[in-house]
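Colleague: pasted the sequence and its predicted model underneath.
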Amino acid sequence: MVLFRRLLGDVLRERRMQRGMTLRQVSAEARVSLGYISEIERGQKEASSELLASLCSALDVPLSDVLRDVSSAVAVEEAALAPIPITVSKVAARRGAGEVVASAA
């Protein structure tokens, strides 16, 4: 299962580090407790829209950029979790290549 809050935290931490800011600096700029920001970055707390806007402002990054990065990360994780269907043509190709394919029968 893809956890939005974990991916959001990863993106926010990455943006903070790219700007060379400490949690303390972001905390002071956003007027949010350092501990709470830390929990958001670790994916342990959900950020409200108001809090997220404040963090983006403190990081000098548009909210749309952060959400776009999170959306891309969600898509990557969803693709990694998606089952890969086995089609008859894939099974036939394996048999033709000399690979033994076990039967569920």
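Modeller: Arrived safely, thanks for sending.
Colleague: isn't F4 up against E77?
Modeller: No: no contact is recorded between F4 and E77 when judged using C-beta atoms under 8 Å, the distance being 10.1 Å. Backbone N, C-alpha and C define where each C-beta goes, glycine included.
Colleague: tell me which element R15 falls in.
Modeller: Taking DSSP states H and E as the definition, R15 sits inside helix 4-18.
Colleague: which strands or helices does the very next helix or strand once past that helix pack on?
Modeller: Proceeding N to C from helix 4-18, the next assigned helix or strand is helix 23-30, under DSSP H and E. Helix 23-30 is packed against helix 34-41, helix 49-59, with contacts defined by 3 or more C-beta pairs under 8 Å, 6 or more residues apart in numbering; DSSP states H and E.
Colleague: next, the angle from the shortest one to helix 23-30.
Modeller: Using axes from the mean of the first three to the mean of the last three C-alpha atoms, to 10 degrees, the direction of helix 34-41 lies 100 degrees away from that of helix 23-30.
Colleague: what's the mean pLDDT across helix 34-41?
Modeller: With pLDDT averaged residue by residue, helix 34-41 scores 98.
Colleague: next, the buried residues of it.
Modeller: With burial defined by 16 or more other C-beta atoms under 10 Å, the residues of helix 34-41 counted as buried are I37, S38, E39, I40, E41.
Colleague: do stretch 63-72 as well
Modeller: The neighbour-count criterion (16+ other C-beta under 10 Å) identifies V66, D69, V70 as the buried residues of stretch 63-72.
Colleague: before we move on, back to that, in TSV, list the helices and strands packed on helix 23-30 along with distance to A82.
Modeller: Output for those, formatted as TSV (distance: least, C-beta to C-beta, whole Å):
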stretch	distance to A82
helix 34-41	27
helix 49-59	28
